[in-house]
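*Asks:* Please work out how this folds:
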Amino acid sequence: MTNKVFMVLAFAGVPLSVIGTLMHWSNILLFVIYCITIIALASYMGRATESLAIVTGPRIGGLLNATFGNAVELIISIFALKAGLISVVLASLTGSVLGNLLLVAGLSFFVGGVKYKTQSFNVYDARHNSGLLMFAVIVAFVIPEVFSMTMDEAETITFSIGISVILIALYLAALFFKLVTHRGVYQSKEDDRSSHEEETPEWSKGKAIAVLAISTIAVAYVSENLVHTFEEVGEAFGWTELFIGVVIVAIVGNAAEHASAIIMAYKNKMDIAVEIAVGSTLQVAMFVAPVLVLLSLLFPAAMPLVFTLPELIAMVTAVLLMIVIGNDGETNWFEGATLLAAYVIMGIGFYLL
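*Replies:* Numbering: from 1, shown residues only. Now for the predicted structure:
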């Protein structure tokens with residue numbers, strides 16, 4: 001039933017987006033149409049990556065889901081950079097970290113915990129990811145903020161470029177570590193079960209890849225137009241660029257991962273659910289953010305890797321909370337509720353700023 005609804009929204013939303021753009025409909029109406037269309041297209045991307053995950057296994061499947069989920073946000077952010085909305089881009093990166101660690105993980109833990117008393121996932125992956133989260137958010141994001149206080153604009157950009165190159169290199173090294181040199185060293189329960197349980201993918205490998213390609217192209221078109229509605233929508237609803245970036249863009253841009261992680265948790269596939277939530281956060285912090293810094297050099301205004309104090313404190317808090325809750329390799333509904341409560345508190349704070 002849900003799939004049919006998303007199918008209708010996607011097949012109706014794309015033509016309406018094109019017609020509305022050409023006929024210059026109200027930006028507020030177009031904003032709603034664009035957001036619904038992106039979420040519907042993201043659902044197709046989620047289903048396609050879920051099909052590929054069955055073939056490739058939980059680690060690569062989670063990585064694929066996180067990658068294509070973040071592709072939506074990356075596309076939106078590139079067009080926002082092109083439009084000079086640097087604060088919106090930085091805010092959307094903040095929102096992505098908070099959304100993945102608190103909203104996505106929180107909903108996954110809560111929904112899965114309602115069905116099962118406790119759920120477990122690979123504790124070795126959890127501890128490995130904890131170290132990377134500490135580095136990516138607390139070291140690579142906080143250090144530029146501190147050092148930039150005594151730097152001019154040009155020095156800050158140069159420093160941001162250096163950090164971005166290091167982050168990308170370390171992220172690629174982390175993938176090489178997990179998928180090549182230490183693949184299978186820290187075996188998960190889910191990997192063991194996969195050898196005994198066979199699940200049929202919804203789509204074939206070829207169809208899944210084709211759906212991903214078409215959906216990504218459609219999302220790119222809709223996202224470019226979505227960016228141009230931010231200013232008028234913000235004025236109409238009293239939303240700041242910070243709130244639009246942290247909450248609206250982050251939720252719309254990560255819709256595919258949100259849905260997929262929750263579905264995986266409901267099916268008690270916590271390795272994939274956690275890989276989507278935490279793996280996506282790492283990808284945003286260590287790959288998407290530095291790539292955007294480097295891409296911004298092609299536009300009139302370069303983007304420094306410097307966040308506001310509320311953004312930094314919120315991200316650091318989310319990381320520490322996730323590490324404390326997830327480091328034992330077990331979850332329950334109350335831990336999910338705790339993460340969700342933290343997300344709501346931060347959302348209210350960003351709305352009132």
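*Asks:* wouldn't residue 259 be in contact with residue 49 here?
*Replies:* No: contact criterion CB atoms under 8 Å: residue 259 and residue 49 do not qualify, at 10.8 Å. C-beta coordinates here come from the backbone N, C-alpha and C atoms, glycine included.
*Asks:* Just want to know which of these two has more residues nearby.
*Replies:* Ranked by neighbour count (other CB atoms under 10 Å), residue 259 and residue 49 place residue 49 first, with 26 against 23.
*Asks:* That one contacts residue 263, doesn't it?
*Replies:* No: look at residue 49 against residue 263 with CB under 8 Å: they stay out of range, at 11.4 Å.
*Asks:* Give me the helix or strand of this protein that scores worst on average pLDDT.
*Replies:* Comparing helices and strands within the chain by mean pLDDT, DSSP states H and E singles out helix 189-194 as the least confident, with a mean of 50.
*Asks:* Can you tell me the closest non-neighbouring residue to residue 225?
*Replies:* For residue 225, ignoring the flanking residues on the chain, the nearest one in space by CB to CB, 6 or more residues apart in numbering is residue 21 at 5.2 Å.
*Asks:* likewise residue 109?
*Replies:* residue 336 (3.0 Å).
*Asks:* Now find how far off-centre the helix or strand where residue 345 lies is within its chain.
*Replies:* In the assignment (DSSP states H and E), residue 345 maps to helix 333-352. Taking the mean of its C-alpha atoms, helix 333-352 sits 17 Å from the chain's own mean (CA atoms, centre = their mean, to the nearest Å).
*Asks:* Just the CA atoms of that helix, as PDB, please.
*Replies:* What follows is helix 333-352, C-alpha atoms only, in PDB (Å, rounded to 0.1, in the frame of the first residue of the first chain):
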ATOM      1  CA  TRP A 333      12.700   1.100  22.700                       C
ATOM      2  CA  PHE A 334      13.700   3.400  25.600                       C
ATOM      3  CA  GLU A 335      17.100   4.200  24.200                       C
ATOM      4  CA  GLY A 336      15.300   5.100  20.900                       C
ATOM      5  CA  ALA A 337      13.000   7.400  22.800                       C
ATOM      6  CA  THR A 338      16.000   9.100  24.500                       C
ATOM      7  CA  LEU A 339      17.600   9.800  21.100                       C
ATOM      8  CA  LEU A 340      14.300  11.100  19.700                       C
ATOM      9  CA  ALA A 341      13.800  13.400  22.800                       C
ATOM     10  CA  ALA A 342      17.200  14.900  22.200                       C
ATOM     11  CA  TYR A 343      16.400  15.500  18.500                       C
ATOM     12  CA  VAL A 344      13.100  17.300  19.400                       C
ATOM     13  CA  ILE A 345      14.800  19.500  22.000                       C
ATOM     14  CA  MET A 346      17.500  20.500  19.500                       C
ATOM     15  CA  GLY A 347      14.800  21.100  16.800                       C
ATOM     16  CA  ILE A 348      12.900  23.500  19.100                       C
ATOM     17  CA  GLY A 349      16.200  25.300  19.900                       C
ATOM     18  CA  PHE A 350      17.100  25.800  16.200                       C
ATOM     19  CA  TYR A 351      13.500  27.000  15.400                       C
ATOM     20  CA  LEU A 352      13.700  29.600  18.100                       C
END
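*Asks:* Pull out the buried positions in it.
*Replies:* When neighbours are counted by 16 or more other CB atoms under 10 Å, the buried residues of helix 333-352 are found to be 333, 335-336, 338-340, 342-343, 346-347, 350.
*Asks:* mind putting those in JSON lines, pLDDT and distance to residue 145 included?
*Replies:* As requested, the buried residues of helix 333-352 are exported to JSON lines (pLDDT from 0 to 100; distance: CB to CB, whole Å):
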{"residue": "333", "pLDDT": "93", "distance to residue 145": "35"}
{"residue": "335", "pLDDT": "93", "distance to residue 145": "30"}
{"residue": "336", "pLDDT": "93", "distance to residue 145": "30"}
{"residue": "338", "pLDDT": "95", "distance to residue 145": "27"}
{"residue": "339", "pLDDT": "95", "distance to residue 145": "25"}
{"residue": "340", "pLDDT": "94", "distance to residue 145": "27"}
{"residue": "342", "pLDDT": "95", "distance to residue 145": "21"}
{"residue": "343", "pLDDT": "93", "distance to residue 145": "22"}
{"residue": "346", "pLDDT": "93", "distance to residue 145": "18"}
{"residue": "347", "pLDDT": "91", "distance to residue 145": "22"}
{"residue": "350", "pLDDT": "91", "distance to residue 145": "17"}
